[in-house]
Structure formats: structure tokens, C-alpha cells
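A.B. asks: pasting the sequence and the predicted model now:
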Amino acid sequence: MTPRLAPLSDQRSLQERTYQALREALLEGQYLPGQRIFEAEIAQLLAVSRNPVREAVRRLQQDGLLEVRPRSGIYVASLPANEVEDVYRLRAALEGVAAALAAERMTTQELEELGRILRIGEREARPLRPDGSASATVARADRFHHAIHAGARSPRLSKQLELIYAQVMHFRNLTLRMPGRADAASHGHEQLYAALIKRNVAEAERVMREHVNGARAMLMQHLADVAHEAESRPVGDGLD
């Protein structure tokens, strides 16, 4: 994916603007897990010197979004396969809390906007080819989930969910290309919206947890299948 970083123009401090621009690019999945990034390239894209980029990298390393490897370089943080399930379980728990809080705290106007997001998503939905990009589907899902996070009115919770989303962006793109997952996700959103409209706190939390855990189960089965296939492949298979 080609990064969409552009020269900065607003009035915040240069260091803060650089940090926010690079952080947004990482959260949007413009860089892949494990991908190496270069200070000089980012500085050129943002039309800044390398000093604010270096400070942004330091902060993003503290956020867990970047890794600085001695004598190697700067890399987008990647999630080892054996940690994926733990992170998805954590996501399910935190998203469940967000849904419960949103059921209590979202205003009528926010719920109406959530319904609009849901309807737009249904109209825009298109079947995905197995090799196609799921970025548009992920973007639609993100709009729905982020509206719920905002409606929960818990900045600390939203911050933690942002970091988790960055860690699992690659896997979300993967799962939403799997047969049936996009439809299951849409159905989950409809159930969740119904619970929120009814202000049913327990139901909203339950549906959200089931929604995320459904993605986790599908992903873990896929990763297990891939690992089994790799182990079963004869040594040298596919080599010239």
C-alpha cells in the first residue's frame, strides 16, 4: 500500500503534527506489520526535517506502534501469531465494555447517525473476491465501531482500542476476505444497533463480544490451516 502522507499545514506544533500524521497512517494500515520505514522518506513526504520525525518515532515506539531495532532500523510493530488470539480476546472484552457504555450514554442524535452509517454500509457493500482488497469493507466497519467508541465517552478506553486496532489491522483485512465473514459482520452490526436502540446494556455487550469472537474463531482456524499446510509441504516444494 502506498502511504498517503502529505505536507503538513495546520497550526499545531511541528512535532505534534508529525506525530499525529504518522500515527494516523499507522492506524489506517498504510504501512504493513513488519514493514521497515525510513525517517528520511517520512520527512520528505511530510515536508519536515528529520528531527520531528525522530521524536514522532520515539513516541510511537512508546505507543507500541513502531519497533526500533538496534543496527537494523525502524519497523511497523507486528503481532506474533501466538499472540493474535490473546489480543482478539482483549479486543472482545474492551469492545464489549464500549458497547455497554454506549448503550447508556449515546444520545438520540448519535444513535440516528449510527443508523445512517449502518444503512450506508449496507448500500456500499460489495462481494469481495478472495484476492481482492478488503480495505473498503474495513473502513465501513471502522466507521460503525468508532461511532460506538465515541458514544461510550471514555477517552482511556478509546485510546486502548485504537492501539489494538492498529495491531490487528492486517488480520481484519484478512478475515473480511474470507467467505461469509463480511455478511456475518454486517449481521452482527444490525444486532448490535438493535440492542443499542433499546438501551439494552447487557445485550449490547453480549452481541459485541460475540461479534468480535466470531472473527477471532475464523481467523485462528485460518492461521492453523496455513501452519498445517506449511508443515505438510515437502522440503523444497515450490523452489526452482
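C.D. replies: Received the coordinates, thanks.
A.B. asks: okay, the spatially closest residue to L219 that is not a sequence neighbour and Q61: tell me how far apart.
C.D. replies: In this structure, L219 finds its nearest non-sequential neighbour in T175, 5.0 Å apart by C-beta to C-beta, 6 or more residues apart in numbering. Every C-beta, even on glycine, is put in place using the N, C-alpha and C of the backbone. Distance, T175 to Q61, by C-beta to C-beta, to the nearest Å: 28 Å.
A.B. asks: the two: who's more crowded?
C.D. replies: Using other C-beta atoms under 10 Å, the more surrounded residue of T175 and Q61 is T175, with 22 against 14.
A.B. asks: residue contacts, the more buried one?
C.D. replies: When contacts are counted by C-beta atoms under 8 Å, 6 or more residues apart in numbering, T175 touches 181, 215, 218-219, 222.
A.B. asks: counting neighbours, which of those residues comes out on top?
C.D. replies: The contacts of T175, ranked by neighbours (other C-beta under 10 Å): first place A215, 24 neighbours.
A.B. asks: nearest spatial neighbour of that one, skipping sequence neighbours?
C.D. replies: Computed as C-beta to C-beta, 6+ apart, the closest residue to A215 that is not its neighbour in sequence is T175, at 5.1 Å.
A.B. asks: what residue lies at the spatial centre of this structure?
C.D. replies: The chain has Y165 as the residue nearest its centroid, 3.1 Å off, counting by C-alpha atoms, centre = their mean.
A.B. asks: what's the closest non-adjacent residue to it?
C.D. replies: L27 (6.5 Å).
A.B. asks: measure that neighbour to L60 for me?
C.D. replies: In terms of C-beta to C-beta, L27 sits 10 Å off from L60.
A.B. asks: neighbour count for the two, which is higher?
C.D. replies: L60 (22 against 16).
A.B. asks: any idea which element M178 lies in?
C.D. replies: Per DSSP states H and E, M178 falls between elements, in no helix or strand.
A.B. asks: ok, and the closest non-adjacent residue to it?
C.D. replies: M218 (5.9 Å).
A.B. asks: got the domain ranges for this protein?
C.D. replies: 14-76, 81-231 (automatic domain parsing).
A.B. asks: would you mind giving those domains as JSON lines with mean pLDDT and distance to L5 added?
C.D. replies: As requested, the domains of the chain are exported to JSON lines (pLDDT from 0 to 100; distance: least, C-beta to C-beta, whole Å):
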{"stretch": "domain 14-76", "mean pLDDT": "90", "distance to L5": "4"}
{"stretch": "domain 81-231", "mean pLDDT": "87", "distance to L5": "16"}
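A.B. asks: okay, the ones you listed in CSV with distance to P3 next?
C.D. replies: CSV is the format used below for the domains of the chain (distance: least, C-beta to C-beta, whole Å):
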stretch, distance to P3
domain 14-76, 5
domain 81-231, 14
